[in-house]
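Trainee: here is a sequence together with a model predicted from it:
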Amino acid sequence: MPGCWARRLLILTTPVLPAMVVACSPREATTSPAAELHLAATPSYSIKLKIGPVAAMQGMTTIDQGLPVNHHLAFHIFRTSDGARVTDVRPTLEVIDQASGAARSIPAEQHSVFTLACLETAHLAPDLHFGDDIHLANGNYSFRVNVGQETGIFRDIVVK
């Protein structure tokens, strides 16, 4: 069957894209209409926090605190002095459940949540951000993004 051999040859000779290209393009998380954008500022930084659907990417967290992840959180940090994107920092995040007061800190050395810088291809331009997939139950939250000695606070964020 010549058609069968042609398909096999096509499969064997078709170049495979590196996994990293697929792994670092959370397009659905940042361009999805369901993604929510929140803004905070410190004296030196402007911080954008996006909360959206899970970004199924290689190397991303799939289980968080024993539960399957259900949201992708990403944040972008810019210098207020010139608007330049900040990429040379080690930010940390604190998530506070407003109903219970329970808080959890995500330290910079923890790679699984919030310290992975991903290169995405949204809008066909490189977009360096910090983030990961995380489990958040429905409710109201506050987020504290610590950049050096400064903290951006996002209050009364409803997560569904």
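Mentor: Structure received.

Trainee: nearest spatial neighbour of G131, skipping sequence neighbours?
Mentor: Ranked by C-beta to C-beta, 6 or more residues apart in numbering and with sequence neighbours excluded, the top spatial neighbour of G131 is A74, at 3.3 Å. From N, CA and C alone the C-beta is placed, and that goes for glycine too.

Trainee: and the one you found, what are its bridge partners?
Mentor: K50, G131 (DSSP bridges).

Trainee: ok, it touching V54?
Mentor: No. A74 is beyond contact range of V54, at 11.8 Å (criterion: C-beta atoms under 8 Å).

Trainee: tell me which residues touch I47, please.
Mentor: L39, A40, A41, F75, H76, I77, F78, V145, V147, G152 (C-beta atoms under 8 Å, 6 or more residues apart in numbering).

Trainee: neighbour count: A74 and V54, which is higher?
Mentor: A74 (24 against 19; other C-beta atoms under 10 Å).

Trainee: how about S105, phi and psi?
Mentor: Main-chain torsions, S105, degrees, to the nearest 10: phi -100, psi 140.

Trainee: rewinding a little: okay, and which of the contacts of I47 map to helices?
Mentor: Judged by DSSP state H, the contacts of I47 include no members of helices.

Trainee: show the buried residues in those residues.
Mentor: A40, F75, H76, I77, F78, V145, V147, G152 (16 or more other C-beta atoms under 10 Å).

Trainee: just give me the closest of those residues to R104.
Mentor: Distance to R104 across the buried ones among the contacts of I47 (C-beta to C-beta) is lowest for V145, with 13.9 Å.

Trainee: need the contact list for that closest one.
Mentor: Per C-beta under 8 Å, 6+ apart, neighbours of V145: A40, I47, L49, F75, I77, P91, T92, L93, T151, G152, F154.

Trainee: where in the protein is pLDDT low?
Mentor: 1-34, 56-61, 107-127 (pLDDT under 70).
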